[in-house]
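Undergrad: generate a structure from the sequence data that follows.
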Amino acid sequence: MEEVKEIPMTDAIYDKAGREYEVVTWTSGENLNFKVRDRTTRVGHAYCHVRQTTLKVCDLHIENKCLRPANFFVLWCIPLRWRETNYRNRGIGSALLELIASHARKKGVTRIEGSIKPLDYEADSRLPQWYQDRGFNVVMEPAGSKIIARLSLDLN
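TA: Here you go, the predicted model:
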C-alpha cells in the first residue's frame, strides 16, 4: 500500500508580545512535524510521532542564536546586514506546545509523552520546570541514564 502524504498546513502562533509566527505543519505516516518561521527565518521546530492515542514529542527546539536579515525589504535583494536574534523566552515554545496539543486532539490523541536528553539539559537546566509549568508530569531519571527526565501530559 502506498503511503499518503498530506499537504502541508499553515497555522499562526503568537509570542508574549503578540508577534505572529507562521507554523507549517505536515504529516507523513505516523509523523507529525512543525516548522516555525519568522517571515523567512526558521526559528524553531517540533518533530512528533503518533501511535494510537499517544503522541511522542521526539524533538522540540526554539533557536537561541539565529541569523536573520536586519531589514526585511533587503531580503529580496542581497541582505547587507544580518542580526543575531534569540527567539527563546518569548513564549514561542509554549504556543507551539499548545498547537501540538490541538493537532493531537484532532487525531484522537489522549496523551503526549517526551523526554529531556542530557544535551538539551546541559543547554538549559530549567527545562524540567518549564515543562512542569505547562502541565506536564516530569519524572527525573537516575544520574547516568540516557535521558534526564520523562515527560507526560494527559489531554483529557
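Undergrad: mind checking the longest strand of the protein?
TA: strand 41-51 (DSSP state E).
Undergrad: contact partners of that strand?
TA: When contacts are defined by C-beta atoms under 8 Å, 6 or more residues apart in numbering, strand 41-51 is touched by residues 21, 30-37, 55-63, 66-69, 85, 87, 92-93, 96, 100, 104, 107, 109. (Each C-beta comes from the backbone N, C-alpha and C, glycine too.)
Undergrad: ok, stretch 102-111 next?
TA: Outside stretch 102-111, the residues that touch it by C-beta under 8 Å, 6+ apart are 25, 32, 48, 50, 53-55, 112, 152-156.
Undergrad: now do that stretch: distance from first to last residue.
TA: This stretch, stretch 102-111, spans 12 Å end to end (C-alpha to C-alpha, to the nearest Å).
Undergrad: buried ones in it?
TA: By neighbour count with 16 or more other C-beta atoms under 10 Å, stretch 102-111 contains the buried residues 103-104, 109.
Undergrad: need those in TSV (columns: pLDDT).
TA: What follows is the buried residues of stretch 102-111, written out as TSV (pLDDT from 0 to 100):
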residue	pLDDT
103	95
104	95
109	96
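Undergrad: please list only the buried members of the contacts of stretch 102-111.
TA: Buried by 16+ other C-beta under 10 Å: 25, 32, 48, 50, 55, 112, 153, out of these.
Undergrad: ok, back up a step: residue 145: which of the contacts of stretch 102-111 is nearest?
TA: residue 152 (16.4 Å; C-beta to C-beta).
Undergrad: would you map the helices across the protein?
TA: Secondary structure of the chain by DSSP state H: the helices cover 92-106, 118-123, 127-133.
Undergrad: got the domain ranges for this protein?
TA: Domain segmentation of the chain under automatic domain parsing yields 1-109, 114-156.
Undergrad: ok, of these, where does mean pLDDT dip lowest?
TA: Lowest mean pLDDT within those: domain 1-109, at a mean of 86.
Undergrad: separation between residue 102 and residue 119?
TA: Taking C-beta to C-beta, to the nearest Å as the measure, residue 102 falls 28 Å from residue 119.
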